[in-house]
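Peer 1: Give me the fold of what follows.
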Amino acid sequence: MTDLLRLRTLPGQLITLFVIVLLVSQVVNVLLIVGERRLQARSTLYVSAIEKMAEGTAQVLEFPGRRSGPGFAPGPRNNRGTPLRIEVASSSAIDRLSAIECLSSYEEQLSNLLQSRNVNFESVRVCRGDRLQRPGRQSGPAGARPPREDMRRDREPGMRPPPPGGHHPPPDPRGPPGPGFENMIMSVHLSDGRWINGITGHYPLENMTPRVFLATGGMILVTVLVVVFFARRITRPLTNLAEAADQLGRGGHGISLKEEGPTDLRSAIAAFNAMQERLTRMIETQRTMLRSVGHDLRTPLTSLRIRAEIMEPETERVKVIATLDEMKTMMEEILTWAEDASGMEELHRVDLNALLTSLSDDYQDVGASVTYEEGVPIIVLCRRGSLRRALRNLIDNGLKYGSEVKISAVPDAESVRVCIDDKGPGIPTEDLRDVLKPFVRLEISRNKDTGGSGLGLSIAQSIIQAHGAELDLHNKKSGGLRASFKLARET
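Peer 2: Prediction:
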């Protein structure tokens, strides 16, 4: 699961991209929903306020001596807002409103409602704003507490304060409102010059509840889980394909992959299976041919050696036998190199630390100067026999051209680097790559008296490449040659 969510992997990048797109779309969707619900809530509140304003204006004109003056508040509290307060004044309350936005559509609705109630008026104004200054208080903070006599008139007899709850505190007409509070002012200019002002307020977001956000978050969570599940199913064949290709590159036996996943991925798996089958068949053909060549060459070489034993004079006989022995040795090295390059040995879990310790002990038993500092167990997946042969070739090469060899293993979290250092003359920089080719011998730069067929380093390179690594040769600043390669660690 951790590997799946890494941004470097294809599933991780797909999931991240999808989550980003989903979050952006959901944020836009929530904003649209909030805006739509805000408009609906505001429209409902405003229509209710206009109806109460028309009814209250008609009552004020019908019963002029009953409740008049500032603070007259007919009817119950406006839905999810402050009570509609009606006051009779000499001027419009809109003049005391800040950040004015006139609502012409609601002015027309209020005019129609007043006409239906036979109210004579000169004009109607409906506006919305943020802060409303009290009469006679042109300066000071908005929403300052009015005189106590106004406080008594602001409340209907027997009217109880609203219970606490909701997402905002109940608006208090006597104190400063909370964030987002809006005032709606409706002013009716009568024929006698008086103004009847209706004042109410509300919170634009008060209709929003956590259910919208919970539903959105739950939908995002479920969608992400579904995407993770299907991303694993879709990309699993690709992971299997990568593992099979790596195993084939290490010389392992190819396993036919199941063709699954999307159409293009199925085509890639089918092409890989066909390629793997052709490579396996070609390698097997080469193995059979090499075994046949080795068997066929041994017979005539043995026959020639028998004939050479009876040759005269003795000096010529010795030369012919030495030539035949050299040909036999070369043939065995070629067969060994071909077998190691084809990776005929099975892969096994091996303790590299124990293998290197055993090798150094073997050389020390015969008096060779080979050292290795034993450390903690390091498990690698390798062909034990082939890897041992490659290490022997590198150590022999170091002993042949140097006075001593030091072996070291430097592990990290995922791999281990094996280094073979000698104290010899080294190799010219321009020949470092050529020396790994078959039958290449650098007698001029190393030692004119050495023998061999020039396959030692080439065999080591072939074995190491069959393990999915590369043999690196470079000259040390302190003198001598370092041969190193990396192997993957097993957990």
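Peer 1: what ranges do the strands span in the stretch 201-350 of the chain?
Peer 2: For the stretch 201-350 of the chain, the strands defined by DSSP state E, counting those that start in this stretch cover 348-351.
Peer 1: Any stretches of it with poor pLDDT?
Peer 2: 203-212, 249-254, 295, 334, 336-345 (pLDDT under 70).
Peer 1: where do the helices sit along it?
Peer 2: With DSSP state H, counting those that start in this stretch as the criterion, the stretch 201-350 of the chain has helices at 210-249, 263-308, 314-342.
Peer 1: and what of the stretch 1-150 of the chain?
Peer 2: 10-62, 104-116, 148-153.
Peer 1: Past the last one, which element shows up next along the chain?
Peer 2: I take that to be helix 148-153. strand 182-190 (DSSP states H and E).
Peer 1: how about that following strand as CSV, C-alpha atoms only?
Peer 2: The C-alpha trace of strand 182-190 is given here as CSV (Å, rounded to 0.1, in the frame of the first residue of the first chain):
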residue,chain,number,x,y,z
GLU,A,182,-26.6,41.9,6.9
ASN,A,183,-29.3,44.5,7.4
MET,A,184,-32.3,44.9,5.2
ILE,A,185,-34.1,48.3,5.3
MET,A,186,-37.5,49.0,3.8
SER,A,187,-38.6,52.6,3.8
VAL,A,188,-42.1,53.8,2.8
HIS,A,189,-42.5,57.6,2.2
LEU,A,190,-46.0,58.6,3.2
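Peer 1: Now do that strand and helix 10-62, the angle between them.
Peer 2: 30 degrees (axes from the mean of the first three to the mean of the last three Cα atoms, to 10 degrees).
Peer 1: now strand 182-190: mean pLDDT?
Peer 2: Strand 182-190 shows a mean pLDDT of 87.
Peer 1: Relative to residue 50, which of the helices of the stretch 201-350 of the chain is closest?
Peer 2: Smallest distance to residue 50 across those (Cβ to Cβ): 28.2 Å, for helix 210-249. (Each C-beta comes from the backbone N, C-alpha and C, glycine too.)
Peer 1: gap between that closest one and the chain center?
Peer 2: Here helix 210-249 is found 12 Å from its chain centre; the criterion is Cα atoms, centre = their mean, to the nearest Å.
Peer 1: wait, which of the helices of the stretch 201-350 of the chain is closest to residue 37?
Peer 2: Nearest of the helices of the stretch 201-350 of the chain (Cβ to Cβ): helix 210-249, 8.3 Å.
Peer 1: For the closest one, which helices and strands make contact with it?
Peer 2: Helices and strands touching helix 210-249, by 3 or more Cβ pairs under 8 Å, 6 or more residues apart in numbering; DSSP states H and E, are helix 10-62, helix 263-308.
Peer 1: how about it: buried residues?
Peer 2: Neighbour-count burial for helix 210-249, counted by 16 or more other Cβ atoms under 10 Å, picks out 216, 227-228, 231, 234-235, 237-238, 240-241, 244, 247-248.
Peer 1: tell me the domain ranges of this structure?
Peer 2: 28-202, 263-339, 347-488 (automatic domain parsing).
Peer 1: Compare the mean pLDDT across the ones you listed and name the weakest.
Peer 2: Ranked by mean pLDDT, these bottom out at domain 28-202, with a mean of 69.
Peer 1: now do the same end-to-end measure for that one.
Peer 2: End-to-end span of domain 28-202 (Cα to Cα, to the nearest Å): 25 Å.
Peer 1: so after whichever helix or strand residue 399 is part of, what's the next helix or strand?
Peer 2: Element membership for residue 399, per DSSP H and E: helix 384-401. Going down the chain from helix 384-401, the next helix or strand is strand 405-411, by DSSP H and E.
Peer 1: Partner strands of the helix or strand just after that next one and their direction?
Peer 2: Using DSSP H and E, the next helix or strand after strand 405-411 towards the C-terminus is strand 415-422. As defined by DSSP bridges, the strand partners of strand 415-422 come to strand 405-411 (antiparallel), strand 481-488 (antiparallel).
Peer 1: tell me the contacts of residue 381?
Peer 2: 347, 348, 349, 350, 488, 490 (Cβ atoms under 8 Å, 6 or more residues apart in numbering).
Peer 1: The nearest residue to the first one once chain neighbours are set aside: what secondary structure?
Peer 2: It stands for residue 347. Once flanking residues are discounted, residue 347 sits nearest to residue 381: 5.3 Å by Cβ to Cβ, 6 or more residues apart in numbering. What DSSP: H, G, I helix; E, B strand; the rest coil gives for residue 381 is strand.
Peer 1: start at 33 instead
Peer 2: With 33 as the first residue, the last one maps to residue 413.
Peer 1: who does residue 413 bridge with?
Peer 2: residue 381.
Peer 1: ditto for residue 156
Peer 2: residue 220.
Peer 1: Same question for stretch 438-446: list its buried residues.
Peer 2: So, applying 16+ other Cβ under 10 Å, buried residues of stretch 438-446: 438, 439, 440, 441, 443.
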